[in-house]
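Q: predicted model, plus sequence, below.
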Amino acid sequence: MNGILSRILAVALMSLPISAARAQDDCGPDRPPCDEPHDGPGCLQPQCCELVCKIDVFCCEVVWDETCVEQAGELCGDVYCPDFGGCLEIHDTGGCLDETCCELVRMHDPFCGYGTWDEICVAEAESWCAGTVECPIVPPPNAREEGEPCLERLNDGCGGGAIEINASSIACGDAIYGKTTTKVPRDVDWFRLPETRDGPLVIRLETEFPARMLIVTGSCEGPISVLDRRPVDPCRNDEWVVDLPEGEYHLVVEAGADGRSLRSGLPCDEIDPKNPPDDDEEPLPRTYGLHYLLELACTAAPCPGDLNGDGMVDGVDLGLLFAAWGECTDVCPADFDGDGTVDGQDLGGLFVGWGGCP
């Protein structure tokens with residue numbers, strides 16, 4: 001009873017409004033968690049702390065007691081950042097201590113907030129938190145539009161209960177300027193790969209958002225099998241060489257990371273005519289762009305070492321290899337073994353193929 005009276009008296013003696021600056025001073029990573037009572041005002045998570053202190057100044061002026069904890073439980077169900085644990089370290093709670101990085105990862109991969117900060121969250125933090133977030137793609141003149149508004153689902157494979165695979169076609173030499181979104185149902189773009197192939201396929205993807213490519217086979221009657229997958233970081237481009245046996249295959253482009261599909265953080269940027277927003281409605285937050293550029297090249301049987309494509313492995317190719325010597329910073333044709341460095345192993349690979357290509 002004395003505690004309650006003391007609390008009432010303390011609040012009565014305080015000026016009721018609390019400034020934003022004062023709330024910020026008492027909220028942040030140097031404070032204990034918001035879901036635990038503790039000596040002193042404020043708590044770890046600034047968003048949650050400020051929500052509570054707007055309605056109960058005692059929590060940011062005097063002490064964060066059991067009442068503050070109860071209010072945090074009612075007001076802060078969707079607030080996960082920051083929280084204890086390094087963003088580049090695996091830990092068994094959600095969130096991490098760097099609020100900006102934590103929010104970027106959690107926004108696109110909610111499991112990293114309400115679940116645990118696992119190895120996938122760590123990999124996402126490593127790839128995204130120090131990277132570029134704005135990189136609008138300018139499609140080349142030969143690129144064609146994917147042709148699927150982000151409010152519709154026209155090439156989503158077996159989504160929506162489809163009996164047959166809904167897919168766009170992509171031919172050798174095509175460049176497709178596409179868009180994806182995590183708006184429910186999540187957008188997944190399927191492309192039917194050419195059935196006639198004389199050699200490996202070279203797939204190039206440039207993306208504004210965290211993306212993932214998958215090679216799949218099968219039918220909507222089941223099973224659909226994923227043969228391989230490859231993540232591409234936002235604001236990067238990647239080249240993927242795949243050599244497939246005879247058969248029918250599809251390439252899937254989706255929002256994703258290595259190990260997990262992304263299901264939030266990329267809202268559609270088009271107005272739904274059937275459900276337009278209110279005049280005062282704030283748009284959903286979005287950090288990354290929604291576009292990608294997909295290109296497909298079909299190659300003949302591989303000729304290791306023929307870097308200039310003249311049908312010969314000779315001194316010209318040797319010079320190109322030495323010009324690219326060292327760590328790769330982008331697409332690196334001279335990196336024959338794909339280890340990210342042009343070195344002696346690649347030089348040996350060039351000499352293995354010396355002479356005329358078969």
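A: Structure received. Numbers count the residues shown, from 1 in each chain.
Q: quick check, Cys76 in contact with Cys53.
A: No - using Cβ atoms under 8 Å, Cys76 is not in contact with Cys53; the gap is 11.7 Å. Bear in mind the C-beta positions are built from the backbone N, C-alpha and C, glycine included.
Q: which of the two has more neighbours?
A: More crowded of Cys76 and Cys53, by other Cβ atoms under 10 Å: Cys53, with 25 against 18.
Q: so for whichever strand or helix holds that one, mean pLDDT?
A: With secondary structure defined by DSSP states H and E, Cys53 is part of helix 46-55. The pLDDT scores in helix 46-55 average 87.
Q: list the contacts for the closest residue to Gly42 other than its chain neighbours?
A: Leaving aside its sequence neighbours, Gly42 sits nearest to Asp26 (Cβ to Cβ, 6 or more residues apart in numbering; 3.1 Å). Asp26 sits next to 41-42, 49, 53, 60 when contact means Cβ atoms under 8 Å, 6 or more residues apart in numbering.
Q: just the buried residues from these, in ChimeraX please.
A: Of those, the buried ones can be selected in ChimeraX as follows, counting by 16 or more other Cβ atoms under 10 Å:
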select :41,42,49,53,60
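Q: okay, the contacts of Asp26 in a markdown table with distance to Val184 next?
A: Output for the contacts of Asp26, formatted as a markdown table (distance: Cβ to Cβ, whole Å):
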| residue | distance to Val184 |
| --- | --- |
| Pro41 | 40 |
| Gly42 | 36 |
| Cys49 | 31 |
| Cys53 | 34 |
| Cys60 | 37 |
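Q: from the contacts of Asp26, which is closest to Thr116?
A: Cys49 (23.1 Å; Cβ to Cβ).
Q: pretty sure the closest one contacts Cys60?
A: Yes - the pair Cys49 / Cys60 is scored as a contact, 7.0 Å apart, by Cβ under 8 Å.
Q: please enumerate the strands of the stretch 1-150 of the chain.
A: Taking DSSP state E, counting those that start in this stretch, the strands of the stretch 1-150 of the chain run over residues 144-145.
Q: which stretches of it have low pLDDT?
A: Low-confidence segments of the stretch 1-150 of the chain, defined by pLDDT under 70: 1-25.
Q: now stretch 232-247: buried residues?
A: Those would be 232-238, 240, 242, 244, for stretch 232-247 by 16+ other Cβ under 10 Å.
Q: out of those residues, who's nearest Thr116?
A: For those, the nearest to Thr116 is Asp233 (22.6 Å; Cβ to Cβ).
Q: leaving out chain neighbours, which residue sits closest to the closest one?
A: Nearest one to Asp233, counting by Cβ to Cβ, 6+ apart, is Ser127 at 4.8 Å.
Q: residues touching the residue most central in space within the chain, list them.
A: Nearest to the geometric centre of the chain sits Pro210, at 2.9 Å (Cα atoms, centre = their mean). Residues in contact with Pro210, defined by Cβ under 8 Å, 6+ apart, are 108, 124, 127-128, 231-234, 255-257, 262, 288.
Q: same check, this time on Asn166
A: Per Cβ under 8 Å, 6+ apart, neighbours of Asn166: 153-159, 190.
Q: can you tell me how far the closest residue to Asp314 other than its chain neighbours sits from Val313?
A: Closest residue to Asp314 apart from its sequence neighbours, by Cβ to Cβ, 6+ apart: Trp354 at 7.4 Å. Remark: distance between Trp354 and Val313 (Cβ to Cβ, to the nearest Å) = 5 Å.
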